[in-house]
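>>> Have a look; sequence and predicted model below, questions after that.
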Amino acid sequence: MDNAGSTSRTMSADRACTEITLPQASSAQTPLAAQNDGIEGNAEVVSTPQAPRADMRFDTLEDAQRHYLAFARRRGFGIRYNYRKKSEVTGEYIRAAMVCHKAGHQAKEKEDTQKPKPVVPERMKCNNIRTDCPARMALKVRGSTWLVTEFCDDHNHPLLKKWSLTGFLRSHRDIPEEDQEFIKILHTVNMETSRMMQVMATLYESVEGVPYTPKDMANFRSKLRAENKYIDMQNTMAYFEDLKSRDKDLYYRYKLDDEDRVQYLFWVDSAARKAYKNYNDCISFDATYMTNKYKMPFAPFIGINNHGQSIQLGCGFLKNELSESYIWLFESFLIAMDGVAPVNIITDQDGSMRAGIEKMFPNTTHRHGSTRCLSDAASICVAQVDMEC
């Protein structure tokens, strides 16, 4: 047998693989680790599933789809379902057909003569141009398995030769399960999608090697947000309980409305509670208005330690910026700090905030200012410490 031009075939009882030669792709674009740096003319051997035939059987329709997907990926085309028919008795699928992504006729867009042309040019749509490709695989249920009844691998269009390019076809753009679990971890720490793609590109050794696009990852993250949309408060309480099991002095408090929606939420850990005992002489308080998806003002308590560094002494979310909201928050702060009010507090010129301070911190010196005042106070504290030393 001629080793230079031969094609090796390995057959088994349940699967047959054919060794074929594909053009050399750039680094991390093919499933094999050994590559030739993308030099034109070099070829590499990759394994591909056997081409479907009319007597092949699969345990499930999903198994058949995975096999055809793997075969199409190696051949250089995408697939989609042409139809799936359910049984009128059982309601389960009994027939199906998968075709090439270019099968069928191109839909003609009807021009709306009543619609005026837009002033700004419309965004170009990356539509798949269909060529009525005859490639297809038909299946039907026979007993407990799916039987391939028809298979055609004739294409009337050029096939993609580069492994990296086939990964951008819709049917092959898939996030593996192990990547999904890793993305969930990155999602919980609020990492940006662009940064996530950089991390995955590092793992795959190149941007081209990632088998999905930033849009796919963004869609997956949107799905995660939708799943947690109505259980976020339960997850938050479970998170606080978990923290409290490790931090006995963690304090949190919340209030719900008549519809069990969160009105107020406040929390502070043990480290901040201990620090407040020594650094309660001056704190800054401000509410960042609606900079989160819940449209709830975020209100942190910021203090200064003996090094002139800003330290967080608790924080909360409020339903609104009315005086009753600030009264509840300042009351929660006093409970967490064992009833010790700050000596001085710096805020902006908000009337509701001032009313809450007068009610809950009557003996506290209230100053109007901004973050500039806090930085100046920090500089004074550092200067005093240096003089005493």
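Received it, and whenever you're ready, just let me know what you need.
>>> those helices in the stretch 201-350 of the chain, which residues are they?
Here the stretch 201-350 of the chain has its helices, by DSSP state H, counting those that start in this stretch, at 214-227, 232-246, 270-278, 323-336.
>>> can you list contacts of the last one?
Translated: helix 323-336. Where contact means CB atoms under 8 Å, 6 or more residues apart in numbering, the residues beyond helix 323-336 that reach it are 251, 253, 255, 263-264, 266, 268, 273, 299, 301, 314, 316, 318-319, 340-341, 351-353, 355-357, 359-361. Where you see a C-beta, it was placed from the backbone N, CA and C, and this is true even at glycine.
>>> and that helix, which residues are buried?
Neighbour-count burial for helix 323-336 flags 323, 325-333, 336 (criterion: 16 or more other CB atoms under 10 Å).
>>> I'd like the average pLDDT over that helix.
Averaging pLDDT along helix 323-336 gives 94.
>>> Same question for the first one.
The average pLDDT within helix 214-227 is 88.
>>> Can you give the distance of it from its chain's centre?
Counting by CA atoms, centre = their mean, to the nearest Å, helix 214-227 is centred 5 Å from the centre of its parent chain.
>>> what sits up against that helix?
173, 175, 180, 183-184, 187, 193-194, 196-197, 200.
>>> Could I have the buried ones of those residues as PyMOL selection syntax?
Entered in PyMOL, the line below selects the buried ones among these, by 16+ other CB under 10 Å:
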select buried, resi 175+183+187+193+196+197+200
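>>> I'd like to know how far the spatially most central residue of the chain sits from Glu177.
Closest residue to the average C-alpha location of the chain: Arg221 at 2.7 Å, with CA atoms, centre = their mean. Counting by CB to CB, to the nearest Å, the separation of Arg221 from Glu177 is 16 Å.
>>> In helices, which of the contacts of helix 214-227 fall?
Counting by DSSP state H, these place 180, 183-184, 187, 193-194, 196-197, 200 in helices.
>>> for the nearest residue to Ser144 once chain neighbours are set aside, what are its contacts?
Nearest residue to Ser144, sequence neighbours excluded (CB to CB, 6 or more residues apart in numbering): Asp59, at 7.9 Å. When contacts are counted by CB under 8 Å, 6+ apart, Asp59 is found next to 144-146.
>>> for Thr365, same thing?
The contact partners of Thr365, by CB under 8 Å, 6+ apart, come to 343-345.
>>> Neighbour-wise, which one of these leads?
With neighbours defined as other CB atoms under 10 Å, the most crowded of the contacts of Thr365 is Ile345; it has 19 neighbours.
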